[in-house]
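# whatever this is, show me its structure:
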Amino acid sequence: MSIDSKSTETTPKNCQHPHTNHRKIKTSKIKKHIGIKLNRRESKLEQLEKLIEELEKS
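Below you'll find the model as predicted:
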């Protein structure tokens, strides 16, 4: 009985906290990833605009 009670006591506590932390970490990672993607797109657009300007000048 003591082993069962210990396992039931520890598992919910151990499960609850990592899950919430995991969710927070996931959302932050996704936000960072989206930010990086947006930055890459912006830099690509800037590069294209620079190329167009250079072509127009020549």
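# next one: Lys37 from Ser58, what distance?
Taking Cβ to Cβ, to the nearest Å as the measure, Lys37 and Ser58 are separated by 32 Å. (C-beta placed from N, C-alpha, C; glycine too.)
# so the two - more neighbours on which side?
Lys37 (10 against 5; other Cβ atoms under 10 Å).
# the more buried one: which element?
helix 2-57 (DSSP states H and E).
# avg pLDDT for that helix?
The pLDDT scores in helix 2-57 average 71.
# residue contacts, Gln47?
Gln47 makes contact with no residue, according to Cβ atoms under 8 Å, 6 or more residues apart in numbering.
# how near is Leu55 to His33?
33 Å.
# how close does Ser43 get to Lys37?
11 Å.
# quick one: residues contacting Leu38.
Leu38 neighbours (Cβ under 8 Å, 6+ apart): none.
# for Lys57, see how far away it is.
29 Å.
# what's the answer for Lys31, then?
39 Å.
# with neighbour numbers in mind, choose between those two.
Lys31 (10 against 6).
# what about Lys44, how many neighbours?
The burial count for Lys44: 10, using other Cβ under 10 Å.
# and what of the one 5 residues further on?
Residues near Glu49, counting by other Cβ under 10 Å, number 10.
# list the contacts of it.
So Glu49 contacts nothing (Cβ under 8 Å, 6+ apart).
# how close does it sit to Thr27?
Counting by Cβ to Cβ - Glu49 and Thr27 are separated by 33 Å.
# ditto for Gln47
Gln47 is 31 Å from Thr27, by Cβ to Cβ.
# just the C-alphas of stretch 27-38, formatted as PDB.
Provided in PDB are the C-alpha atoms of stretch 27-38 (Å, rounded to 0.1, in the frame of the first residue of the first chain):
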ATOM      1  CA  THR A  27       4.800  28.900 -27.000                       C
ATOM      2  CA  SER A  28       7.900  30.900 -26.400                       C
ATOM      3  CA  LYS A  29       9.800  28.700 -28.900                       C
ATOM      4  CA  ILE A  30       7.000  29.100 -31.500                       C
ATOM      5  CA  LYS A  31       7.000  32.900 -31.000                       C
ATOM      6  CA  LYS A  32      10.800  33.100 -31.400                       C
ATOM      7  CA  HIS A  33      10.600  30.900 -34.500                       C
ATOM      8  CA  ILE A  34       7.900  33.100 -36.100                       C
ATOM      9  CA  GLY A  35       9.900  36.200 -35.200                       C
ATOM     10  CA  ILE A  36      13.000  34.700 -36.900                       C
ATOM     11  CA  LYS A  37      10.900  33.800 -40.000                       C
ATOM     12  CA  LEU A  38       9.500  37.300 -40.200                       C
END
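# thank you, goodbye.
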